[in-house]
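Student: Dropping the sequence and predicted coords here.
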There are 2 protein chains.
Amino acid sequence: MQAHEKGYFTEADSVEVVTGRNANAKDARLREVMEVITRKLHEAVKEIEPTQEEWFQAIMFLTDTGHKCDEWRQEFILLSDVLGVSMLVDAINSRRPSGASENTVLGPFHVADAPAYPMGTNICLDHKGEDMVVRGRILDTDGNPIEGAKIDVWQANDEGFYDVQQKGHQPDFNLRGVFRTGADGTYWFKAVKPKYYPIPDDGPVGKLLADLGRHPNRPAHLHYIVTADGYDPLTTHIFDPDDPYINSDAVFGVKESLLADFNLVEDRSRAAEVGFDGPYWDVEFDFVLAKV
Amino acid sequence: MQAHEKGYFTEADSVEVVTGRNANAKDARLREVMEVITRKLHEAVKEIEPTQEEWFQAIMFLTDTGHKCDEWRQEFILLSDVLGVSMLVDAINSRRPSGASENTVLGPFHVADAPAYPMGTNICLDHKGEDMVVRGRILDTDGNPIEGAKIDVWQANDEGFYDVQQKGHQPDFNLRGVFRTGADGTYWFKAVKPKYYPIPDDGPVGKLLADLGRHPNRPAHLHYIVTADGYDPLTTHIFDPDDPYINSDAVFGVKESLLADFNLVEDRSRAAEVGFDGPYWDVEFDFVLAKV
């Protein structure tokens, strides 16, 4: 019998020695997951060949990341985000037929009880920033309008903050709203042009980004959850393609299919039609839901 | 240009999208390490295909592991230990020519200032447990004795605790000592037969072990750091091959070459020769140092 079959450690058979202990795991999924994690972790260590000092740096990075987590801050989710893991898990769990709108990450700023509004409402309650109209259709993959689709939208303000980050400074439920489509499947609402903003970068993850020569910014975007009976729920963003960070989202949320056009309308009569008295940004984007 | 070359996320090119951001990393080693970590992490996620709930369980496991760490407890080192990572890093950093004694992990219980003793001293200061004599030679890889080798030894008592874990209950520096070889390269000292003991298992790592159907125990062993001028320092253990956990060390510290023989001597005249008045355990083990 070879050393590793007796449970003794060898460098060459390190994976088998460790995963060989899991025969009595409480469930098969945990055993499977830990087999993959152990194997990939050992592969990484064998490729990196860390010194003892580097190994200890990794231990302390994880420890500091844990210590940064509290009721309000989830530094391990940030780590998952900046390593593209959150996007990868989202992609794996939202594979859709060609033509359907793509998912992206939910993010930490959704609230469950945003107010429902009639189409055309301005969700910017303090009227700060550059006016914007967002409009389009909710369609199925055959191009037919979906009636009764629910559009839950939220966004940061023109300073790059969500209402929940600036309590007292922004009105409650600022830049949030829920809309429901009629028979023609169209939607429209008024808001302000969003701005890029940084993820929290005063912790170990921000330090890692800096050491990697990366900035912490997310390009300007609007968040959506679009749902309709009989269709796969869509959690996504639309992005401003002219944002300075559009090609370098710190959390990799940008997919090419989620770039919208932000067109400046300077025509006063068009502005008057939508209820603005000066130039505004016009954003048109159709969402396509896949049948479940 | 393809989507990932513009910095946009795709499931297929997820690794390239993420590692492509590190071109301006502050040093080449960090960039190399993060390239491997990102690639292996994404490989693991693609093979596991975690649900969002499983991903969140992993986030919470890491968070809980971080929260368990304090000045006295290092739960991430425990995690590294029980996944065989600590042993793997140790093995990578202590590859030696054939014939030289093998390393194993240092563990958390070494103290720097253990007392120096003449050969034959009993390091068990409270005389609790089954008497033991440990003896052997410090040799080079040609089989020649090494003069002036320093042997720093420490072990748990017959209840499975180190002195630093039972302050007040065990004498200070109990079962620790430093010895130095003469011209013949031999060493010997008296102690007590060690017992297996559990690693701390009241945290997230202990819960993981339980879920994997694994026990938290380390088989009985003695720790050594053996050093001599001109030789590669050796950090290792010797193990009792009859321990119930010898084939399932919770931290994978056992290597086949580190099994010693623990022989019970019942001959009263031999006992009298070493200064015991009853049966004792005789342990003989030679350590072989590699030249630097």
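Tutor: Perfect, I can see it now. Residues are numbered from 1 along each chain as shown, chains lettered A, B, ... in the order given.
Student: going forward, measure contacts between C-alpha atoms and count neighbours the same way
Tutor: OK.
Student: show me where the stretch 151-292 of chain A has strands.
Tutor: Under the criterion DSSP state E, counting those that start in this stretch, the stretch 151-292 of chain A contains strands at A:176-180, A:186-192, A:197-198, A:217-218, A:221-227, A:234-239, A:261-265, A:280-284, A:287-289.
Student: Which of these sits closest to B:Thr38?
Tutor: strand A:217-218 (19.8 Å; Cα to Cα).
Student: what's the closest of the strands of the stretch 151-292 of chain A to B:Ala210?
Tutor: Of those, nearest to B:Ala210 by Cα to Cα is strand A:234-239, at 36.6 Å.
Student: Could you tell me how many residues sit around the residue nearest to A:Leu259 when sequence neighbours are not counted?
Tutor: Once flanking residues are discounted, A:Leu259 sits nearest to A:Phe239: 4.9 Å by Cα to Cα, 6 or more residues apart in numbering or on different chains. Neighbourhood size, A:Phe239 [other Cα atoms under 10 Å in any protein chain shown]: 26.
Student: Now for A:Phe239: which residues touch it?
Tutor: Residues in contact with A:Phe239 (Cα atoms under 8 Å, 6 or more residues apart in numbering or on different chains) are A:Pro219, A:Ala220, A:His221, A:Leu222, A:Ile246, A:Val254, A:Leu258, A:Leu259, A:Ala260.
Student: try A:Thr65
Tutor: By Cα under 8 Å, 6+ apart, the contact set of A:Thr65 is A:Glu75, A:Phe76, A:Gly203, A:Pro204, A:Val205, B:Thr63, B:Gly66.
Student: Can you tell me the element the second one falls in?
Tutor: In this assignment (DSSP states H and E), A:Phe76 forms part of helix A:75-82.
Student: After that helix, which helix or strand is next? Please name it.
Tutor: Defined by DSSP H and E, the subsequent element after helix A:75-82 is helix A:85-92.
Student: Domain boundaries for chain A, per the record?
Tutor: In terms of domains, chain A is parsed into A:3-49, A:85-289 (source: automatic domain parsing).
Student: just to revisit the earlier point, only whichever of the contacts of A:Phe239 are buried, select them in PyMOL.
Tutor: Selection of buried members from those for PyMOL, criterion 16 or more other Cα atoms under 10 Å in any protein chain shown:
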select buried, chain A and resi 219+220+221+222+246+254+258+259+260
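Student: tell me which of the contacts of A:Phe239 is nearest to chain B?
Tutor: Set against chain B, the nearest of the contacts of A:Phe239 by Cα to the nearest Cα is A:Val254 (5.3 Å).
Student: A:Gly136 against A:Trp188, yeah?
Tutor: Yes: look at A:Gly136 against A:Trp188 with Cα atoms under 8 Å: they come within range, at 6.6 Å.
Student: more crowded one of those two?
Tutor: Ranked by neighbour count (other Cα under 10 Å), A:Gly136 and A:Trp188 place A:Trp188 first, with 18 against 15.
Student: What residue, apart from its backbone neighbours, is nearest that one spatially?
Tutor: Nearest to A:Trp188 is A:Arg135, by Cα to Cα, 6+ apart, at 4.1 Å.
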